[in-house]
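In: give me coordinates for this.
(one chain, ligands or ions: 1)
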Amino acid sequence: MVGGQILFHGRDLLKLSREEMRRVRGRDIAMIFQDPLSALNPVLRIGYQVDEAMHAHDKVPRNQVAARSVHLLDTVRVPDASRRVRDYPHQFSGGMRQRAMIAMGLANRPELLIADEPTTALDVTVQAQILELLREMNRETGTSIILITHNLGVVAGLCSRVIVMYAGEIVEEGPIEQIFENPQHPYTWALLRSIPRIDFARHDRLRSIEGLPPDLIALPRGCKFHPRCPFRVERCLTDEPSLQTVKGGQRAACWVTMKRAYEEMGAADIIDTRPGAASGVHPPGFTLPPFGAADGGGPTGPSEVAAP
Ligand code: SF4
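Out: Here you go, the predicted structure:
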């Protein structure tokens, strides 16, 4: 099922013709892909690929394209850019390829840059450089950035607003400080809780979220997170929650929310995070094995993961 709208400056991008959409792509909205090695063409020189984005849209005068490519590669800190524009992608390191992708994304000074895991597989030094570069770009050119990532550290360092998604839907959104300090959806809470902390005892087990993400073609009824949620109540098994405002600018799709989980279900001290553990609510016919059982104490009932 395909539905909804993608609004950009009030225009629904889903209603544009292929030609109209081609004019938006790479010009008004650019994208940095996750894996630069497969996103770059291996048989074309880096400089040619950066030039191509500008030739396609004529936003930059043609006689300035080559010089701008060198300038862009210089800006993203590719050393000796005037010489390396003639290199092929395999002659660049992983970090340099990612920076070349960013240069391509910036070529036409887009209003919106979508960066899909731009720092995955990069070492932390290069990762810090790339994030600094994106931050600078946002500050200096006003380009908005949508960052898609599973790395909450990167989110904390770069973003001002966070949208948390589960099973393809938004489950929580809000300003960065509120989401990190006071998450209201149990999935966000569990994600933040599973980050290893430097002040924890070294022998403590790493925390994880019980269960697996759902099969997207056989989604569970009710809340999509209920097969994994320690705080679920009866209603979660049948009714799907919608996003509701919980605090200025922060919205969560949850029948319980962490406020109630802290007040009534002991969320502050919870160790047993098996599905339904904090509320005692389980699907009909399901029995939760004893906590810490020999099998690891995880859920075993078939109704645990099957769509009711
Ligand atoms: S408490 Fe219920 S609605 Fe909220 S995340 Fe858990 S299962 Fe979903």
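
In: mind listing what the residue nearest to residue 26 when sequence neighbours are not counted touches?
Out: Spatially, and ignoring its direct neighbours in sequence, residue 26 is nearest to residue 53 (5.2 Å; CB to CB, 6 or more residues apart in numbering). The way it works is simple: take the backbone N, C-alpha and C, and place the C-beta from them, glycine included. Residues near residue 53 by CB atoms under 8 Å, 6 or more residues apart in numbering: 26, 30, 104, 107, 108.

In: export those to JSON lines and tack on distance to the ligand and secondary structure?
Out: Formatted as JSON lines, those follow (distance: CB to the nearest ligand atom, whole Å; DSSP: H, G, I helix; E, B strand; the rest coil):
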{"residue": "26", "distance to the ligand": "38", "secondary structure": "coil"}
{"residue": "30", "distance to the ligand": "35", "secondary structure": "strand"}
{"residue": "104", "distance to the ligand": "39", "secondary structure": "helix"}
{"residue": "107", "distance to the ligand": "42", "secondary structure": "coil"}
{"residue": "108", "distance to the ligand": "41", "secondary structure": "coil"}
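
In: is it possible to get the residues you listed out as TSV so that each row also shows pLDDT, distance to residue 274 and neighbour count?
Out: What follows is these, written out as TSV (pLDDT from 0 to 100; distance: CB to CB, whole Å; neighbours: other CB atoms under 10 Å):
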residue	pLDDT	distance to residue 274	neighbour count
26	86	47	20
30	92	44	24
104	89	46	28
107	87	50	26
108	86	51	20
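
In: quick check: mean pLDDT of the one helix or strand the residue nearest to residue 26 maps to?
Out: Counting by DSSP states H and E, the element that carries residue 53 is helix 46-55. Helix 46-55 carries an average pLDDT of 90.

In: returning to that earlier point: separation between the residue nearest to residue 26 and the ligand?
Out: Going from residue 53 to the ligand by CB to the nearest ligand atom, to the nearest Å gives 42 Å.

In: measure that residue to residue 137 for me?
Out: Distance of residue 53 to residue 137, given as CB to CB, to the nearest Å: 16 Å.

In: over to residue 148: give its phi and psi.
Out: The phi/psi pair for residue 148 (degrees, to the nearest 10) reads phi -100, psi 120.

In: select the longest helix from the protein.
Out: In the chain, taking DSSP state H as the definition, the longest helix is helix 124-141.

In: residues near the closest residue to residue 40 other than its chain neighbours, how many?
Out: Distances taken as CB to CB, 6+ apart place residue 89 nearest to residue 40, at 4.3 Å, with adjacent residues excluded. Using other CB atoms under 10 Å, residue 89 is surrounded by 21 other residues.

In: ok, now the one 4 residues further on?
Out: Counted with other CB under 10 Å, residues neighbouring residue 93 total 10.

In: report pLDDT for it.
Out: 87.

In: all numbers from here: first residue = 34
Out: OK, 34 is where the count begins now, so the last one is residue 126.

In: how about the contacts made by it?
Out: Residues counted as contacts of residue 126 (CB under 8 Å, 6+ apart): none.

In: do the same with residue 118
Out: Here residue 118 is in contact with 78, 79, 80, 83, 99, 102, 103, 106 (criterion: CB under 8 Å, 6+ apart).

In: over to it: give its phi and psi.
Out: According to degrees, to the nearest 10, residue 118 has phi -60, psi -20.

In: check what pLDDT it gets.
Out: Value listed for residue 118 in the pLDDT field: 93.
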